[in-house]
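Engineer: Predicted coordinates and the sequence they were generated for:
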Amino acid sequence: MPHPPLRIFNSPCKSVCRIDDRLGWCVGCKRTKPEIKAWPTASDKQKQAILDRLADRAAAEPSLLARG
């Protein structure tokens with residue numbers, strides 16, 4: 001039986017899975033609903049683009065939430 005293809009990008013899911021309505025992204029992985037939905041079929045380039053946005057969201061989150 002052939003081996004499954006290697007995964008270059010593992011899902012950034014943190015198993016928290018709750019979308020914050022104020023921010024528009026998951027409090028665990030920082031992905032938006034469309035990004036979460038697209039992940040399984042996204043190309044490597046698309047996955048990298050999603051991953052590139054997550055650190056900026058995590059950094060911005062405290063100040064965005066402080067604005068209330």
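Structural biologist: Alright, I've got the coordinates. Numbering: from 1, shown residues only.

Engineer: in stretch 25-43, what's buried?
Structural biologist: Residues 25-26, 29-32, 35-36, 39 are the ones in stretch 25-43 that count as buried (16 or more other C-beta atoms under 10 Å). To be clear about C-beta, it is placed using only N, CA and C from the backbone, and glycine gets the same treatment.

Engineer: Take those residues and keep only those in helices.
Structural biologist: Using DSSP state H, 35-36 are the members of the buried residues of stretch 25-43 that sit in helices.

Engineer: mind checking pLDDT for the closest residue in space to Arg31 that isn't next to it in sequence?
Structural biologist: In space, and not counting its chain neighbours, Arg31 is closest to Trp25: 5.9 Å by C-beta to C-beta, 6 or more residues apart in numbering. Trp25 carries a pLDDT value of 97.

Engineer: Would you mind confirming that Trp25 makes contact with Arg57?
Structural biologist: Yes: contact criterion C-beta atoms under 8 Å: Trp25 and Arg57 qualify, at 5.9 Å.

Engineer: As a check, name the ranges of all helices in the chain.
Structural biologist: Applying DSSP H to the chain gives helices spanning 33-38, 44-66.

Engineer: which of these sits most buried?
Structural biologist: For the helices of the chain, the largest average neighbour count (mean count of other C-beta atoms under 10 Å) is found in helix 33-38, namely a mean of 14.

Engineer: which helices and strands sit right next to it?
Structural biologist: helix 44-66 (3 or more C-beta pairs under 8 Å, 6 or more residues apart in numbering; DSSP states H and E).

Engineer: Using CSV, list the CA coordinates for the helix it packs on.
Structural biologist: Taking C-alpha atoms only, helix 44-66 is exported to CSV below (Å, rounded to 0.1, in the frame of the first residue of the first chain):
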residue,chain,number,x,y,z
ASP,A,44,1.1,24.9,0.4
LYS,A,45,1.4,28.5,-0.8
GLN,A,46,-2.1,29.2,0.6
LYS,A,47,-1.3,27.5,3.9
GLN,A,48,1.9,29.5,4.3
ALA,A,49,0.0,32.7,3.7
ILE,A,50,-2.5,31.8,6.4
LEU,A,51,0.3,30.9,8.8
ASP,A,52,2.1,34.2,8.0
ARG,A,53,-1.0,36.1,9.3
LEU,A,54,-1.4,34.3,12.6
ALA,A,55,1.6,35.8,14.4
ASP,A,56,0.4,39.3,13.6
ARG,A,57,-3.1,38.5,14.9
ALA,A,58,-1.7,37.0,18.1
ALA,A,59,0.4,40.2,18.7
ALA,A,60,-2.5,42.5,17.9
GLU,A,61,-5.1,40.6,20.0
PRO,A,62,-4.4,42.1,23.4
SER,A,63,-4.7,45.7,22.2
LEU,A,64,-7.8,44.9,20.1
LEU,A,65,-9.5,43.3,23.1
ALA,A,66,-8.5,46.2,25.4
